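Q: sequence and predicted structure, then a few things I'm wondering about:
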There are 2 protein chains.
Amino acid sequence: MLKVKILNIDSGGKPFVFLNDKDADELNITASERVTVQTKKKITAIVNISSIIERGYLGVTDEVRKILSLKENNKIHLDIAPFPKSLQFIRNKLSGKKLLYPEIHEIIQDLVDGNLSENEIAAFVTALHIDKLDLDEATSLSRAMVDTGKTLSINKKIIIDKHSIGGVPGDKTTLLVVPIIASEGFTIPKTSSRAITSAAGTADRAEILMPVEFTTNSMLRILKKSNGCIVWGGAIELAPADDIFVKTEFSLHIDPLLLPSIMSKKKAVGATHLVVDIPTGRGAKMKTTGEADLLARDIMELGRRLGIHTHCIVTFGEQPIGNTVGPALEAKEALEVLMNQKNIPDLIDKACNIAGSMFELLGKKNGYSLAKKILESGKAEQKMREIIKVQGGNPFILPEDISIGKYSLHVRSEKSGQVLWMENRIIVEIGRASGAPKDKGAGIVFNKKIGDSVEKDELLFTVHAEQLYKIDRVKYVISTQAPIGVGKKSDMLIHTITESPVVERTFEIDR
Amino acid sequence: MLKVKILNIDSGGKPFVFLNDKDADELNITASERVTVQTKKKITAIVNISSIIERGYLGVTDEVRKILSLKENNKIHLDIAPFPKSLQFIRNKLSGKKLLYPEIHEIIQDLVDGNLSENEIAAFVTALHIDKLDLDEATSLSRAMVDTGKTLSINKKIIIDKHSIGGVPGDKTTLLVVPIIASEGFTIPKTSSRAITSAAGTADRAEILMPVEFTTNSMLRILKKSNGCIVWGGAIELAPADDIFVKTEFSLHIDPLLLPSIMSKKKAVGATHLVVDIPTGRGAKMKTTGEADLLARDIMELGRRLGIHTHCIVTFGEQPIGNTVGPALEAKEALEVLMNQKNIPDLIDKACNIAGSMFELLGKKNGYSLAKKILESGKAEQKMREIIKVQGGNPFILPEDISIGKYSLHVRSEKSGQVLWMENRIIVEIGRASGAPKDKGAGIVFNKKIGDSVEKDELLFTVHAEQLYKIDRVKYVISTQAPIGVGKKSDMLIHTITESPVVERTFEIDR
């Protein structure tokens, strides 16, 4: 029996306990080992050994305190944890075995319950990445991720959703698609992510216009009123396993759970129909249409197995969507398009293609024209203002109400020619250097895109920042790498390698 | 600038820092991210976010305090760490690339310096396990592990060493081989490990007879006096990377670094000649002689590349070596054999085969007979007492001086027949349940081994323990699984499976 000492340490989700070194020795426990701590509930925690803890006491983190409802000096029982069964299943995966549903469920449950160490999670994710997961395993993972999280019970026969696999900066398409679809009376329970590796996630963009953090119950109330919503998925705990996987995948630059992650979240909101956007091209996640088509095939088969009617569209992903990157700048651009104040052809075309495809999946004819008509008629704007109101924002918001960082940097072309390429990775790096996504008003406005003619000294893009020193960071990034290539159409050299190259790969984990 | 707050937390080798949540937010740092902390030295540490840390303070663990020589309230500078270059090389390995020496060196250096997170280490080890490492990578890893640790400079032309890949309980062969070899005037700088997953490591066994923890300088002094030594490798920091890898491999039950681990340590002590023992059979690491021969081929090629003349011997590994398992019991048995008080045929045969093979590798003829003669003549005992003396033990120690746990459990056969099999995994589990390796006097003495005839109620083995309740733990293990199978030679059934089996695999990481 040990006495509880509450440490108020928040160690980021993982339950930790701290033990005096002599107690640890006596109990035969070594650092990093796991123990079960038991009151009425029982959890498995990772042991830290520390001489600041007095003998006879067990230091517990805030997570452990909450889960076990502990108070200072509570008596508590400690045991060396038997290894979780799921660890054996992970080991089986490491030795090349295919996993069955009950095994995957056990792994995901233990993951969500905090019973697996970072090592073990990383090994599992790495094995899925290297050995690949087949569609059976992807299906099991999707189902297990749904079963171990919250789900939304919307009382509708048809629930439609959209998703983009991401990887292209400036993609504010969702802010147009949701009101277009909802204005036709369809239910679209859109959950979005915040940026992790990008300069803005859809939740970051939407938050400029309205609150986006809701419980599942509030989300249901919103949908009842407006058919559509744009809320942050992180707040409603759909497929919480995914948030844990993302942490591991982030630093490793691997993303084997992309499909289960997408599909589990769609299943959790009860989607019956789904359109998935696959941006494709140099600088996007999918480099070729061949790759994109193979991914589409897997997504659609996974949809079939999960009972979701799924279409995919492959879109041009070699440059940002529209002319802006950064939460406020993008929200502003989307609002301007909804209000028909500005014509942003690629953004409008992409939104109408996605919304059109969704309409056709639901049995409507000429989806593209229908979507375009809704947008041009102002019905999409009207619906968006309704959603903004229901979610607690200002329904009368105008583009000029959105504040943009007051510091700016104008970047001009050093020569004349044509824009030959734009480099998404460097554009994202500039956006993040400017302060996005944390500084909402930071970002980039492009004056030129691929194919545009450029004169020497003509403005290529403007960077906005909320803090002056971030403009310096942007200058540094631009001094080392070019985000836009201007030249003659006949220019052939991409680059010369004279010493062992440092590989900097695009990696986008936002989903 | 933050002020240092020293936390006296020992988190098991990894440098951690603690930051107030508001400071973290302002600095744009999230939990688990890494930062560089700089005084005169610079280290990378993993961030924990905690509200107990006051604003403006940086809580540091004992590791961080020591490395940076920090004092309370020192001012300190913090930066978000740029990702280590080695992480990109790990990512390359995850995408199936073969790694070159400079890349592997960078990974190992960062590993030793604590610049890689547990995730990243686990992903690397998993990738090596699944994708396999080829001999080029194994060579690079061996070299890098030598280059990032201490090395021993013994001023001799010929330095011979032995190693066993492990996996068999009761293997006290080294306690015979070292004095046999050293008594002929050869230098054998034997470093050994303590048990991690087994019931006794050679360092645990040797420690019953003499101290085993020395610095490299003391080890050199010992070798000058006695030619041979048996010391704990952990104390002298040869290939410290390996200790870090072992922690990861342990819970995952994978061991891709076996070869670099062995060979780097041999290279680090300056071995010019080496014999590697590969115990083989059901219940050992290598199940078949085919597998063992393939491993031998790799070990020998790796030896060639590292400039170490290497022979391998494949030995019978389906049951414990000799009749005892547990540190004190094994040391006692080895001493009895050295003193020719007891005839333990398999132990003597194995020791003479290894020592003999070493002699022949060094150009001597009839190695086996030479080894046996040295053992029978008492020269090996004499040499061992010399080593014990030089290492600071009692050179007059007798078997009866070695104390064995006072509690015991006699296990008798439930039927008559022949011993058909012994299960190493369960024997190790019983040994550990009895208290070994921490309780030195705990362990098992076998009265019967494979092939022996057994009467009903005849004694199979005796378990010794230092604490009575551990006898109960042993009883529980024995009640669920049998360590020895007695039956008729014609008995065919191994076992019946009626429900989804729980796989319990042997895993032995001691090396």
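A: Received the coordinates, thanks.
Q: return the helix or strand in chain A with minimum mean pLDDT.
A: strand A:9-10 (a mean of 66; mean pLDDT, DSSP states H and E).
Q: could you point out the helix or strand that follows that one?
A: Using DSSP states H and E, the helix or strand that follows strand A:9-10 in sequence is strand A:16-19.
Q: so which bits of the stretch 301-450 of chain A are right by chain B?
A: Applying Cβ under 8 Å from any Cβ of the partner chain, we find that the stretch 301-450 of chain A lies next to chain B at residue A:438. C-betas here are computed from N, CA, C, even on glycine.
Q: and the helices in the stretch 301-450 of chain A?
A: A:327-338, A:345-361, A:367-376, A:379-390, A:424-433 (DSSP state H, counting those that start in this stretch).
Q: who are the packing partners of the fourth one?
A: I take that to be helix A:379-390. helix A:174-183, helix A:216-226, strand A:228-232, helix A:327-338 (3 or more Cβ pairs under 8 Å, 6 or more residues apart in numbering or on different chains; DSSP states H and E).
Q: hmm, back to that, highest average neighbour count across the helices of the stretch 301-450 of chain A?
A: The highest average neighbour count among the helices of the stretch 301-450 of chain A, using mean count of other Cβ atoms under 10 Å in any protein chain shown, belongs to helix A:327-338 at a mean of 27.
Q: and that one with helix A:379-390, angle?
A: Angle, helix A:327-338 to helix A:379-390, by axes from the mean of the first three to the mean of the last three Cα atoms, to 10 degrees: 130 degrees.
Q: can I get helix A:327-338 in CSV, CA atoms only?
A: Backbone C-alpha positions of helix A:327-338 (Å, rounded to 0.1, in the frame of the first residue of the first chain) are rendered in CSV as follows:
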residue,chain,number,x,y,z
PRO,A,327,-6.6,31.2,-41.6
ALA,A,328,-8.0,34.8,-41.8
LEU,A,329,-6.9,35.4,-45.4
GLU,A,330,-8.5,32.1,-46.5
ALA,A,331,-11.7,32.7,-44.6
LYS,A,332,-11.9,36.2,-46.2
GLU,A,333,-11.4,34.8,-49.7
ALA,A,334,-14.1,32.1,-49.2
LEU,A,335,-16.5,34.8,-47.9
GLU,A,336,-15.7,37.0,-50.9
VAL,A,337,-16.5,34.1,-53.2
LEU,A,338,-19.7,33.2,-51.4
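Q: what's the angle from that helix to helix A:345-361?
A: Using the same axes, to 10 degrees, helix A:327-338 lies at 70 degrees relative to helix A:345-361.
Q: who's in contact with helix A:327-338?
A: A:170, A:172, A:175-176, A:179, A:200, A:204-209, A:322-324, A:342-344, A:347-348, A:351, A:375, A:380-381, A:384, A:397-399, A:402-404, A:436-437, A:440-445, A:464 (Cβ atoms under 8 Å, 6 or more residues apart in numbering or on different chains).
Q: ok, back up a step: as TSV, the helices and strands packed on helix A:379-390 with mean pLDDT would be great.
A: Shown next, in TSV, are these (pLDDT from 0 to 100):
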stretch	mean pLDDT
helix A:174-183	98
helix A:216-226	96
strand A:228-232	97
helix A:327-338	98
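Q: right, and those - which one's nearest residue A:125?
A: Residue A:125 lies closest, by Cβ to Cβ, to one member of the helices and strands packed on helix A:379-390: strand A:228-232, at 23.9 Å.
Q: the closest one packs against which elements?
A: If you count contacts as 3+ Cβ pairs under 8 Å, 6+ apart, strand A:228-232 packs onto helix A:174-183, strand A:188-192, helix A:202-206, helix A:216-226, helix A:379-390.
Q: is chain B within reach of the helix or strand following that strand?
A: With elements assigned by DSSP H and E, the helix or strand that comes after strand A:228-232 is helix A:240-252. Yes: Helix A:240-252 lies within reach of chain B by Cβ under 8 Å from any Cβ, at A:247, A:248, A:251, A:252.
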